[in-house]
Every structure is written in structure tokens, then in C-alpha cells.
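Trainee: Mind folding the following:
(one chain, ligands or ions: 2)
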Amino acid sequence: MSTVIATIVGARPQFIKASVVSKKIKEYADLKEIIIHTGQHYDYGMSEVFFDELEIPHPDYNLNIGSGKQGEQTGKMLEKIESLLLELKPDLLVIYGDTNSTLAGALASAKLHIPIAHIEAGLRSFNKKMPEEINRIVADHCAEFLMAPTQTAVNNLKNEAISENKIFLTGDVMYDSALFFGKLSDTKSTICNTLNLENNNYILATVHRQENTDDNENLRIIFSAFIEISSQIPVILPLHPRTKKNLQRIGMNDFGNNLKIIDPVGYLDMIQLEKNAKLIATDSGGVQKEAYFYKVPCISLRTETEWVELVESGWNKIVPPKDINFVVEEIRKSLNFVQRDYQYFYGKGDAAGEIVEIISNRFIK
Ligand code: UD1
Ligand code: UDP
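Mentor: Ligands and ions are numbered 1, 2, ... in the order given. From the prediction side, this is the model:
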């Protein structure tokens, strides 16, 4: 009899992470994966495009939860995931990262005594005002298999008294993804030509974190700084729908000619935008790391990061959006970044292989 793995995904970065793990699962005849999409992200450019491009099997179930307040969204997911797990009776639930979909999957599964594998376990910002921090802590404490991407993540878990035999240092599945799809992107994406971007002569920016989008002051500072720096070097910004909504809410709609705001792009286009940028300015967890994978300097528009090794190595600088001049000056300094030592913090590019091996050793009889 096959071992049945139910995988919960719901938000953009989870489709990217799941793509490499799903591919590995398929290599095992005795493992069967059922993909459950919560519907947390639902626009074509936030969801479907990734299934099309990354050849992830289309979800077996879409719960169509959609957007909502933190508790409302998580609660609706919890109810539907529980019903589905009761029906499917999987041997294992796989969850990724730190979104509300992760939290709902963890809670539903833990209460039904279905073991959980948490991929990207052990990340901490130590800032409990972030919804993601709560999600991570709960997910880690519900899980049986904690797949940690870095040694720092392992240490964080040990510091929370999580039993060592549950913790596995596997490397980061996003690094696997970056290597695998990086090559494909080189041959398939033409976005830099289409947008007339000159190699190594533009800034790529993304903004979507709640503490930036829902705080009028932070949002204004970040976008004003981008407008100002764009008179020196073009800025290209694929806009998250959350940020779009909040820019409209505060009435900010004139960005000049050199801050180019575009719709969210697919992963293959995003990789080209990242690889060819002179600098990346972001509040995204995934984009910070991809900057490093492709050896592009980065500034993080936040007060802290979970990926501390990037900051310690000097490739990433934390730039809290406290005032416009400060952000502009920090961007200017980082434009003069000098290449430095490069270490492989995130494994060998086969984290997905390690993860599926751990699962198969435990479950396949
Ligand atoms: C979520 C995750 C965040 C992750 C991000 C990845 C939580 C708490 N947050 O944040 O950790 O970094 O996904 O992108 O789970 N919207 C649309 N169309 C969509 C999706 C969202 O218009 O397809 C808009 C809606 O107005 C929605 C808002 O974006 O209210 C926020 O979406 P939501 O999924 O709640 O949070 P994200 O900010 O995307
Ligand atoms: N991404 C993408 N298109 C975009 C913006 C981001 O494909 O327009 C990818 C990006 O390359 C990374 C992931 O989405 O792999 C990061 O997702 P996001 O920034 O939404 O979330 P976070 O990583 O902060 O949770």
C-alpha cells in the first residue's frame, strides 16, 4: 500500500517550494501525494501561473478560501482542511513556511494526530507582531519532522526545547528551486528585453509585508524613496495585490517615469529580473535569499530578518523604512557594493531529495 502524503499550499512562495519536493515524491513508487490548495492566493498571477510554469501537478483540491482577516481566513481554512483530512486519512501532512495556510494545516492535522512534516522549520524573526512569526512557532511545535534549512534554524528549534530527534538539517528547498529553474529561466524568459532593462543597471524592488503595506507612513516612505532613487537608476517593481490595494487606499498613484510598476510576474521572469539587477530592495523572505543565490546585493526594508546569515555575510543590509532620506542614502551606498566572500549557507541544492528520503525511510515499510 502506498504512503499517502497530503500537501497544503496556498500562497505564492509555497507553490515554488512545493514544486521541487513534488517532483521528488514522484520518483518514489510507494509515495502518493495529494495536493490541497487553500485558495489563500487566487489571482492568475499569484497562483495558477506557477502551476503552469513549474509543472506542479494541479491541486487535487482547492478550498477556495480567499482573503480575509487573520482569524477569519485561518478559521475557514481550519474547518475545511479538517473535513478533508478526515475523508482522505493521509499518513503524513506536509506544510511549508509560515503563512496562514501553514498554520491552519498544522492545527487541523495535529488535532487529528496526523504527523506533520514542516518544511522551512526553525526560522525566527523574534518579532511576534508579524503574523508569520506566530504561524512558524505553532507549526514547529505541532510537527514531528522539522526540516530546517540552516544551522541557525536548527539552533532556534533546540532553544525552544524541541526534541533533537525531530530536527533535520536538510538545506533550503528554495535553493533547489533557484538552481533548477534558474537554468530554465535563462532560456525561456525574455522579460528584460521586453521591459528594455539594461543588464546590471536597474534596481528590482518588491514590497508586500503587512508592517509596510498596512502602515501608511512606512508605505509612503518606501515608495517616495523609490521615486527619488529612480532619477538615478531605474526601479522595476512587480506589485503584490496587497500593496496595490494599500497604495490606492492612501491615494498614492503618481510614480514618475523611472519607477516602473508592473503586475506580479511568473517565477521564470522573476528570476531574470533578479539575476540581472544591480541591487534588490525587498521585504520578501524568498526574494532576499534569491538575491544571494544569484549574487546580487540586497537591502531588506524591515527591522529584522529570519535569514541572519545574509546580513552577517554583508550581502544583505537591514534598512528599516524610518525616513525617506535614510532609505535613499542606504540604497545609494548599496549601489556601490563590492563583491565579497560567498558561502553556501543553504545546502547543496538537494534539500528536496533529503526531505523525501527522510519521509520514505520513516513511512515506507
Ligand atoms: C501572505 C503571507 C505572507 C507571504 C505572502 C506571500 C500570511 C499571514 N501572510 O501574505 O507570509 O509572505 O503571502 O506573497 O499568510 N490578494 C489579492 N489576490 C490574491 C491574493 C491576495 O488581491 O491572489 C490581496 C487581497 O486584498 C488580500 C491581500 O492581498 O486581502 C493579502 O493577501 P493574504 O494572502 O492575506 O496575505 P499576503 O500579504 O499575500
Ligand atoms: N515572485 C514571483 N513573482 C513576483 C514576485 C515574487 O515569482 O512578482 C517569487 C519570488 O521569486 C520568490 C517568491 O515569489 O520565489 C517570494 O514570494 P513572496 O515575496 O510573495 O513571499 P515571501 O517569500 O516573502 O513569503
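
Trainee: Next to ligand 1, which bits of the stretch 51-200 of the chain? Give me the list.
Mentor: Within the stretch 51-200 of the chain, the positions near ligand 1 by Cβ under 6 Å from any ligand atom are 67, 98-100, 131-132. No exception for glycine: its C-beta is placed from N, CA and C like everyone else's.

Trainee: try it again with 5 Å
Mentor: Proximity of the stretch 51-200 of the chain to ligand 1 is confined to 67, 99-100, 131-132 under the rule Cβ under 5 Å from any ligand atom.

Trainee: Just send those residues back as CSV, with secondary structure, neighbour count and pLDDT too.
Mentor: Shown next, in CSV, are these (DSSP: H, G, I helix; E, B strand; the rest coil; neighbours: other Cβ atoms under 10 Å; pLDDT from 0 to 100):
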residue, secondary structure, neighbour count, pLDDT
Ser67, coil, 13, 98
Thr99, coil, 28, 98
Asn100, helix, 26, 98
Pro131, helix, 18, 97
Glu132, helix, 20, 98
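
Trainee: Report the contact partners of Asp186.
Mentor: Applying Cβ atoms under 8 Å, 6 or more residues apart in numbering, we find Asp186 in contact with Gln272.

Trainee: helix, strand or coil for it?
Mentor: Under the three-state scheme (DSSP: H, G, I helix; E, B strand; the rest coil), Asp186 adopts helix.

Trainee: Distance of it relative to Asn276?
Mentor: From Asp186 across to Asn276, the span is 11 Å (Cβ to Cβ, to the nearest Å).

Trainee: What of Ser83?
Mentor: For Ser83, the distance to Asn276 (Cβ to Cβ) stands at 46 Å.

Trainee: for the stretch 151-300 of the chain, what spans make up the strands?
Mentor: Shown for the stretch 151-300 of the chain, the strands assigned by DSSP state E, counting those that start in this stretch span residues 167-169, 203-206, 235-238, 259-262, 279-282, 298-300.

Trainee: Phe363: which of those is closest?
Mentor: Ranking those by distance to Phe363, with Cβ to Cβ as the measure, places strand 167-169 first at 14.3 Å.

Trainee: So which of Ser83 and Asn276 has more stuff around it?
Mentor: In this view Ser83 and Asn276 are compared by other Cβ atoms under 10 Å, and Asn276 has more residues nearby, 18 against 12.

Trainee: Show me the shaky parts of this structure.
Mentor: Confidence mapping of the chain against pLDDT under 70 gives zero matching residues.

Trainee: helices and strands around the longest helix along it, which ones?
Mentor: With DSSP state H setting the assignment, residue counts place helix 70-88 as the longest helix in the chain. Helices and strands touching helix 70-88, as assessed by 3 or more Cβ pairs under 8 Å, 6 or more residues apart in numbering; DSSP states H and E, comprise strand 3-9, strand 31-37, helix 100-111.

Trainee: what's the angle between that helix and strand 31-37?
Mentor: Orientation note: helix 70-88 sits at an angle of 150 degrees relative to strand 31-37 (axes from the mean of the first three to the mean of the last three Cα atoms, to 10 degrees).

Trainee: Partner strands of the first helix or strand past helix 70-88 going along the chain, with direction?
Mentor: As assigned by DSSP states H and E, the chain's next helix or strand after helix 70-88 is strand 92-96. Each strand that strand 92-96 pairs with, and the sense of that pairing, follows from DSSP bridges: strand 3-9 (parallel), strand 116-119 (parallel).

Trainee: can those strands go into a markdown table with extra columns for mean neighbour count?
Mentor: Below are the strands paired with strand 92-96 laid out as a markdown table (neighbours: other Cβ atoms under 10 Å):
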| stretch | mean neighbour count |
| --- | --- |
| strand 3-9 | 25 |
| strand 116-119 | 26 |
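
Trainee: between the ones you listed, which one is nearest to Ile250?
Mentor: Of all the strands paired with strand 92-96, it is strand 3-9 that lies closest to Ile250, at 31.3 Å by Cβ to Cβ.

Trainee: Tell me where the stretch 201-350 of the chain has helices.
Mentor: In the stretch 201-350 of the chain, the segments counted as helices under DSSP state H, counting those that start in this stretch are 210-213, 216-229, 241-249, 267-275, 285-293, 308-312, 324-335.

Trainee: number of nearby residues for Lys245?
Mentor: 12.

Trainee: Which positions in the protein make contact with ligand 2?
Mentor: The interface of the chain toward ligand 2, taken as Cβ under 5 Å from any ligand atom, is made up of 12-13, 16, 238, 264-265, 267, 270, 284-286.

Trainee: Now do the contacts for Lys262.
Mentor: To be clear, residue 262 is Ile; Lys isn't right here. By Cβ under 8 Å, 6+ apart, the contact set of Ile262 is 195, 236-239.

Trainee: Quick check: bridge partners of it?
Mentor: On the basis of DSSP bridges, Ile262 takes part in beta bridges with Pro238.

Trainee: Can you give me the distance of the spatially closest residue to Leu157 that is not a sequence neighbour to Glu87?
Mentor: On the basis of Cβ to Cβ, 6 or more residues apart in numbering, the spatially nearest residue to Leu157 that is not a chain neighbour turns out to be Gly122, at 4.4 Å. For Gly122, the distance to Glu87 (Cβ to Cβ) stands at 31 Å.

Trainee: Looking at these two, which one has more neighbours?
Mentor: More neighbours sit around Gly122 than around the other of Gly122 and Glu87, counting by other Cβ under 10 Å; the figures are 26 against 8.

Trainee: how close does the more buried one sit to Asn212?
Mentor: Counting by Cβ to Cβ, the separation of Gly122 from Asn212 is 24 Å.
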